[in-house]
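Visitor: sequence isn't available, so here's the structure alone:
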């Protein structure tokens, strides 16, 4: 059954204690914690900035599972010139960052670490980019062995669809690599949710749901993305992984010119809509914690 989670990009200025309280208030079964590494100060709720044991206990006490540590790691840096370029370019930088995130996730008790492909640079063929992406993904997945952590790759850039993700996963040939399928990105690339879910099959471990009204992020069901279709595709496929709602408040800045909803409001309303749709489709919820959606007011 589907388990509902939210991404901490909804509340970058909040502490981890606040995020745990938010998860408890909205009835989230899980949370995807965004990290930029131990040296970053981008997010107050970056799990790399706190003691992992304390963070794990904080969320366990709140009844909210840390389902994923989400990174910005990407593996598309070209090696130029070939072979010799490895002497001049730090081709392992993103691999090291992903390995660090895997170790962090292991200490937090998180089941997944999110990474990207991402994009073929100008003048470099997609096949050449794919070779270096796969080479680095193999190293990352090898590091995840015996750490009770799996790697999920999210679609975007030159790998925007489920078909693109499936091809990468097949090339890496690791049981520790699956997909975090961003359905909004796939929709914008012209791929239907039903087709994407079908293509990924059991390689789909996390489904990401987000909605936009024009260029502004909003609650699920209030914007232009095919969110109802996405939920129906997951229900029809009997998906039993995490569905993560991502409200991109962290990237909005202060000059949108439009009112922006609070994290609590957006997550609560999105969960309520997803739950209603699932109930109408005759589906239930996963057992990753409490029953989702408890409308308790909380500052966000």
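Guide: Done, it's in. These numbers were taken from a predicted model, which means no experiment stands behind them.
Visitor: what distance do you get for residue 16 to residue 9?
Guide: 14 Å (CB to CB, to the nearest Å). Where C-beta positions appear, they are placed from N, C-alpha and C, glycine not excepted.
Visitor: same question for residue 38.
Guide: From residue 38 to residue 9 the distance is 19 Å (CB to CB).
Visitor: these two: which is more packed in?
Guide: residue 9 (21 against 11; other CB atoms under 10 Å).
Visitor: ok, the more buried one - contacts?
Guide: Neighbour list for residue 9: 34, 246-251 [criterion: CB atoms under 8 Å, 6 or more residues apart in numbering].
Visitor: what's the helix or strand harbouring residue 131 in contact with?
Guide: Following DSSP states H and E, one finds residue 131 within helix 126-144. Identification of contacts with helix 126-144 by CB under 8 Å, 6+ apart yields 73, 75-79, 91, 94-95, 98-99, 102, 113, 115, 117, 119-121, 150-151, 153, 158, 167-168, 171-172, 174, 176-177.
Visitor: rounded mean pLDDT for whichever helix or strand comes after it, please.
Guide: Downstream of helix 126-144, the next assigned helix or strand under DSSP H and E is strand 150-154. The average pLDDT for strand 150-154 rounds to 98.
Visitor: strands of the stretch 51-200 of the chain, start to end?
Guide: All strands of the stretch 51-200 of the chain, identified by DSSP state E, counting those that start in this stretch, fall at 65-70, 112-116, 150-154, 177-182.
Visitor: got a markdown table for those strands, with mean neighbour count and distance to residue 215 too?
Guide: Below are the strands of the stretch 51-200 of the chain laid out as a markdown table (neighbours: other CB atoms under 10 Å; distance: least, CB to CB, whole Å):
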| stretch | mean neighbour count | distance to residue 215 |
| --- | --- | --- |
| strand 65-70 | 26 | 22 |
| strand 112-116 | 26 | 21 |
| strand 150-154 | 25 | 20 |
| strand 177-182 | 26 | 17 |
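Visitor: so which of these comes closest to residue 43?
Guide: strand 65-70 (10.6 Å; CB to CB).
Visitor: quick one: strands adjacent to that closest one?
Guide: strand 30-34 (parallel), strand 112-116 (parallel) (DSSP bridges).
Visitor: before we move on, the earlier item: what angle do the helix holding residue 131 and strand 177-182 make?
Guide: 120 degrees (axes from the mean of the first three to the mean of the last three CA atoms, to 10 degrees).
Visitor: could you check the angle strand 150-154 makes with helix 126-144?
Guide: Orientation check (the same axes, to 10 degrees): helix 126-144 against strand 150-154 gives 150 degrees.
Visitor: where does helix 126-144 sit relative to the chain's centre, distance-wise?
Guide: A distance of 19 Å separates the centroid of the chain from that of helix 126-144, by CA atoms, centre = their mean, to the nearest Å.
Visitor: now swap in stretch 100-119 and tell me
Guide: 10 Å.
Visitor: thanks again, I'm all set now.
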